Each structure stands twice: as C-alpha cells, then as structure tokens.
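J.: return atomic coordinates for the entry below.
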Amino acid sequence: MILSTLRMTVRTERRSDLLETMRGMMEPTRVERGCLSFRLYQDVENRNTFILIEEWETQEDLERHISKDNQRQLLTLMDLLSEQPELRFNTVSHTAGMDLIEEVLKADGRG
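T.: This next block holds a predicted model:
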C-alpha cells in the first residue's frame with residue numbers, strides 16, 4: 001500500500017476556494033482503480049490547515065492517479081496556500097489495529 005499525505009495551510013480569504021475544489025475531487029478519485037481511501041481533514045488547532053490522506057493499493061495505481069486531470073487541479077491549489085505544503089509518500093508493508101495495542105498491553109502485564 002502507498003500512503004500519500006499532503007499538509008496544506010490555505011490563506012484565510014481562499015479557504016472556501018480550496019474546500020470547493022477538494023469536494024469536487026473527492027468522489028472521482030475515490031472510484032479510481034486502486035484507491036483505498038481519499039480523505040481531507042481539518043487541523044483542530046488551525047482551521048486553515050488541512051491534511052489530505054490518500055491510500056493506494058500499488059505504486060502503479062498512484063502513478064495513474066497522478067497523471068489524471070484532477071491531480072493537476074490539486075497543483076493549482078498551491079497558489080491558494082500561505083506556506084509551502086508538505087508532501088510525503090510512504091510505502092506500507094504491514095498494518096495493525098487494536099490487536100497490536102492488546103498484545104503490547106498483555107506483554108506489559110496490563111492487559
């Protein structure tokens with residue numbers, strides 16, 4: 001799985017523009033082949049900071065997505081930002097859930 005994380009801080013006066021563009025991108029992206037998740041979150045400490053988290057099955061799926069027109073829309077949003085965005089791509093080879101917490105607590109004698 002490939003995890004893409006984009007942190008953006010938008011200029012206050014352009015916040016609604018960013019949200020409108022992101023809303024228009026969400027559904028088309030979510031139905032693309034290989035898209036596991038495409039979600040936008042607002043930072044609780046700064047209402048103008050957003051985190052876009054995308055999960056893709058394979059590197060090929062991500063690359064196909066990047067080459068689409070809606071990804072170019074995302075690039076145009078960079079003009080709305082008040083600071084340089086932070087973008088990361090991570091390859092995930094293993095995931096765990098609550099079972100990991102239970103195992104750690106049990107091994108620690110608290111579970």
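J.: quick one: residues contacting Leu81.
T.: For Leu81, the contact set (Cβ atoms under 8 Å, 6 or more residues apart in numbering) comprises 8-11. (Glycine included, C-beta is placed from N, CA and C.)
J.: most surrounded residue in these?
T.: Neighbour count (other Cβ atoms under 10 Å) singles out Met8 as the most crowded of the contacts of Leu81, with 24 neighbours.
J.: could you measure from the closest residue to that one other than its chain neighbours over to Thr49?
T.: Spatially, and ignoring its direct neighbours in sequence, Met8 is nearest to Pro85 (4.8 Å; Cβ to Cβ, 6 or more residues apart in numbering). Distance, Pro85 to Thr49, by Cβ to Cβ, to the nearest Å: 10 Å.
J.: check contacts around Leu87.
T.: Taking Cβ under 8 Å, 6+ apart, we find Leu87 in contact with 4-7.
J.: tell me the buried residues in the helix or strand bottoming out on mean pLDDT in the chain?
T.: Lowest on mean pLDDT, DSSP states H and E among the helices and strands of the chain sits helix 69-76, with a mean of 76. By 16 or more other Cβ atoms under 10 Å, the buried positions in helix 69-76 come out as Leu74.
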